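Based on what follows, work out the 3D shape:
(4 chains)
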2 protein chains.
Amino acid sequence: MGTQERKLREREAREALFLDTAERMIAENGFMKLQMGPLAAACDYATGTLYQHFQSKEDLLLAMTSREFEVHLDFFRKVERWQGGTPRERMIAIAVAELEFARRHPQHMKLKHYVLTEAVWEQTSEARRTEALACSGPMSEIVNRIVRDAVEAGDLDTRGLSLTATSLGPWSLCEGMTALGQVQGLMEALQIADSERLLFRHLQTLLNGMGWQPLVELSDDGETAALVSRIRKEVFDISRP
Amino acid sequence: MGTQERKLREREAREALFLDTAERMIAENGFMKLQMGPLAAACDYATGTLYQHFQSKEDLLLAMTSREFEVHLDFFRKVERWQGGTPRERMIAIAVAELEFARRHPQHMKLKHYVLTEAVWEQTSEARRTEALACSGPMSEIVNRIVRDAVEAGDLDTRGLSLTATSLGPWSLCEGMTALGQVQGLMEALQIADSERLLFRHLQTLLNGMGWQPLVELSDDGETAALVSRIRKEVFDISRP
DNA sequence: CCGAAAAATGAATCAGGTTCAAAATTCGAC
DNA sequence: GTCGAATTTTGAACCTGATTCATTTTTCGG
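All right, here's what the predicted structure looks like:
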């Protein structure tokens, strides 16, 4: 019986239509302006139909972030494909990937930040939450492989920590710095001019602290800056100042 | 003319009443359940009066977080008063203060997280935003003094970074880890059992990377765990496992 | 082709933040 | 004391926008 399958396919296609359209509307007006009625109308469906797919508006927003994750993951995969550096350099490249993703998809960073708020999170369906959390798996696998490569190359000793626990350090640092950077006006108030450069500096510091070889001389930001710009060019095909 | 002053005083008293009451209502039902009408009613004022103080609900929420900051700051001051450790240990104590604050005021951590969302932030008044950002000043001064003490004691060389830029590393790490920890289910998904212990581990790693003396042996979490529990007892008057 | 079951519809409902015209109060002047 | 302009308070009405659900339409096996 192909009927069931067809229905399922149609349902998925429609869900994709909703999400594609929402994507476009968000790109135009920001996610705060997204409205359920107009979204449904823009897809030539009734509002109620939208609610056959998404338990609530928050649920839809979470679905959006889970979906964007594929794009985000691609940034990580580019790092994985890149073989032009040491494991340590590839770890730095992961951070560059984060920044690059944030630069190219600012709306999505904001949306993600918003959705991870408990207030929003708890308005979503169990199923979507599970789906969203599952995203962390492939991401951390890529990072874990980098850590493992370093260990196998003898560059790093995790000293009892699992691969994931090890990579959670750099991840948190990156996450925290970008979160603080998102707060409008905070860096200015702290008189921090270049938070991006500072992130890499602290990242290198952390990796040094782990004893991740080859150690980097911290007094000289230039070396790291050069590395970052090399990564931008070789991995993300961009030349920026 | 004392009339003006009295009015001003009464106005401030009323604002405090609103915030106190909101505080209580949030403690009871969480901030998502807070409603403007019922809040005004609970204070025996009309809804409109509430709007003489707060531009919007988001503005009120931001005011709440700015206010709680005094409590938060007190946690930092306790660390400052504590003279039972090296500068490095006091830096760790700052992280303990963060965790302790989060443990005792979970609603406020969630509220803060929510308010710092761009979507919410932009609904607030310029004045409140300025006030909120001003909070970061006294906090970072306390941390800066710890860093400076370390430098003066010859324990640390910031290698060209300002005090604030230096402390932004540990701060980001702490912020990032707690932010990730807030996401329900993420740590479970990553099979991280004890994210708190991990935070301290990475923090020590970062400080080691900075060359902050005396260096700590990372293989042995026990030493750090003992320190943390000593800080909890001496600074925050708690004994926990 | 029938009728039961499933799906779609969109107007009505509901929630709750915000406004604003009317009522009440304050305050200085006489 | 009291008058009236200015200020403040009031709270019902308004408005936006998410969500629901009674009704209509479509689907599909027999």
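
tell me which parts of chain A are close to DNA strand D?
Contacts of chain A with DNA strand D, taken as CB under 7 Å from any atom of the strand, map to A:1, A:3, A:6-7, A:34-37, A:47-48, A:51, A:56-58, A:123. Every residue, glycine included, has its C-beta placed from N, CA and C.

nearest to chain B, of the residues you listed?
residue A:123 (8.8 Å; CB to the nearest CB).

The closest one against residue A:59, yeah?
Yes. Judged on CB atoms under 8 Å, residue A:123 makes contact with residue A:59 at a distance of 7.1 Å.

Okay, and the nearest residue to residue A:39 once chain neighbours are set aside sits in which element?
In space, and not counting its chain neighbours, residue A:39 is closest to residue A:22: 5.7 Å by CB to CB, 6 or more residues apart in numbering or on different chains. Using DSSP states H and E, residue A:22 sits in helix A:2-29.

and stretch A:215-230, what's its mean pLDDT?
For stretch A:215-230, mean pLDDT rounds to 94.

right, is that stretch up against chain B?
Yes. Against chain B, stretch A:215-230 shows contacts by CB under 8 Å from any CB of the partner chain at A:218, A:219.

For that stretch, what is the distance to the chain centroid?
Relative to its parent chain, stretch A:215-230 has a centroid offset of 24 Å by CA atoms, centre = their mean, to the nearest Å.

Just say helix, strand or coil for residue A:217.
coil (DSSP: H, G, I helix; E, B strand; the rest coil).

doesn't residue A:205 make contact with it?
No. Using CB under 8 Å, residue A:217 makes no contact with residue A:205, being 11.3 Å away.

between those two, which one's more packed in?
Just comparing residue A:217 and residue A:205: by other CB atoms under 10 Å in any protein chain shown the higher neighbour count belongs to residue A:205, 25 against 12.

Next, the contact list for the more buried one, please.
A:218, B:169, B:206, B:209, B:210 (CB atoms under 8 Å, 6 or more residues apart in numbering or on different chains).

Need the buried ones from those selected in PyMOL.
Of the contacts of residue A:205, the buried ones can be selected in PyMOL as follows, counting by 16 or more other CB atoms under 10 Å in any protein chain shown:
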select buried, (chain A and resi 218) or (chain B and resi 169+206+209+210)
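
Of the contacts of residue A:205, which belong to helices?
B:169, B:206, B:209, B:210 (DSSP state H).

who's in contact with the third one?
By CB under 8 Å, 6+ apart, the contact list for residue B:209 reads A:204, A:205, A:206, A:207, A:208, A:209, A:210, A:218.

ok, and the closest non-adjacent residue to the fourth one?
When you say that, I think you mean residue A:207. Using CB to CB, 6+ apart, the closest residue to residue A:207 is residue A:88 (6.1 Å).

Give the helix, strand or coil label for the one you found.
Assignment for residue A:88 (three-state DSSP): helix.

same thing with residue A:58?
helix.

Quick check: it touching residue A:114?
No. In this structure, residue A:58 is not within contact of residue A:114 by CB under 8 Å, at 9.3 Å.

need the contact list for the closest residue to residue A:144 other than its chain neighbours.
Nearest non-adjacent residue to residue A:144, counting by CB to CB, 6+ apart: residue A:163, 4.0 Å away. Contacts for residue A:163 (CB under 8 Å, 6+ apart) come out as A:144, A:147, A:148, A:151.

how about a cut-off of 6 Å?
Listed by CB atoms under 6 Å, 6 or more residues apart in numbering or on different chains, the contact set of residue A:163 reads A:144, A:147, A:148.

Please tell me which one of those counts the most neighbours.
residue A:147 (26 neighbours).

Quickly find the element holding that one.
Per DSSP H and E: helix A:136-152 holds residue A:147.

if we can go back for a sec, relative to chain B, how far out is the residue nearest to residue A:144?
10 Å (CB to the nearest CB, to the nearest Å).

What backbone torsions are found at that residue?
phi -60, psi -50 (degrees, to the nearest 10).

again, but for the one 10 residues further on
For residue A:173, the backbone dihedrals are phi -60, psi -50 (criterion: degrees, to the nearest 10).

how far does the worst-scoring helix or strand of chain A on mean pLDDT sit from the chain's center?
Across the helices and strands of chain A, mean pLDDT, DSSP states H and E gives its lowest value to helix A:2-29, namely a mean of 90. Helix A:2-29 has its C-alpha centroid displaced from the chain centroid by 23 Å (CA atoms, centre = their mean).

any residue of it up close to DNA strand C?
Yes. Using CB under 7 Å from any atom of the strand, helix A:2-29 reaches DNA strand C at A:7, A:14.

what kind of secondary structure is the most centrally placed residue in chain A in?
Among the residues of chain A, the one closest to the centroid is residue A:72, at 5.2 Å (CA atoms, centre = their mean). Three-state call for residue A:72 (three-state DSSP): helix.
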